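Novice: Here is my input, please return the structure:
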Amino acid sequence: MSNAPDVSRPAVVTPARVVIALCLVAPFVAMLWVGSYAKVDPAFIGIPFFYWYQMLWVLISTALTMIAYKLWQRDQRARASQKGGADK
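Specialist: The predicted model follows:
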């Protein structure tokens, strides 16, 4: 037997995977929608909105990526336990 994945199986879409996708796509959408943050006001401690908004998304992106990773780990453990732990 080979260890190659079975490509004949369809992809499984679960609520956890939808949340993972949203967590990973949200920062891209927020940064690509430049019209929403291409302004100077409101300034935060003298920093124009354009700059502090982007820096805030660095922190938000980190948190969302961490959430997506933890959800992915949980999803993989659940799938492995359904198969009898063979893919651990």
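
Novice: how far does whichever helix or strand L56 is part of sit from the chain's center?
Specialist: Here L56, judged by DSSP states H and E, is contained in helix 49-82. In terms of CA atoms, centre = their mean, to the nearest Å, the centre of helix 49-82 is found 5 Å from the chain centre.

Novice: Quick one: list the elements packing against that helix.
Specialist: Using 3 or more CB pairs under 8 Å, 6 or more residues apart in numbering; DSSP states H and E, the elements in contact with helix 49-82 are helix 15-32. Where you see a C-beta, it was placed from the backbone N, CA and C, and this is true even at glycine.

Novice: What residues sit buried inside the helix it packs on?
Specialist: By 16 or more other CB atoms under 10 Å, the buried positions in helix 15-32 come out as 20, 23-24, 27, 30.

Novice: sorry, back to before: the helix holding L56 vs helix 15-32, what angle?
Specialist: For helix 49-82 against helix 15-32, the angle by axes from the mean of the first three to the mean of the last three CA atoms, to 10 degrees is 160 degrees.

Novice: centroid residue for the chain?
Specialist: L24 (2.4 Å; CA atoms, centre = their mean).

Novice: That residue contacts M66, doesn't it?
Specialist: No. Contact criterion CB atoms under 8 Å: L24 and M66 do not qualify, at 11.3 Å.

Novice: Mutual contacts of these two, please.
Specialist: Shared contacts of L24 and M66 (CB atoms under 8 Å, 6 or more residues apart in numbering): none.

Novice: Let's see stretch 25-32 as CSV, backbone CA atoms only.
Specialist: Backbone C-alpha positions of stretch 25-32 (Å, rounded to 0.1, in the frame of the first residue of the first chain) are rendered in CSV as follows:
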residue,chain,number,x,y,z
VAL,A,25,-9.6,35.8,3.9
ALA,A,26,-10.7,38.7,6.2
PRO,A,27,-7.3,40.5,6.4
PHE,A,28,-6.9,40.3,2.6
VAL,A,29,-10.3,41.9,2.0
ALA,A,30,-9.7,44.6,4.6
MET,A,31,-6.3,45.5,3.1
LEU,A,32,-7.4,45.4,-0.5
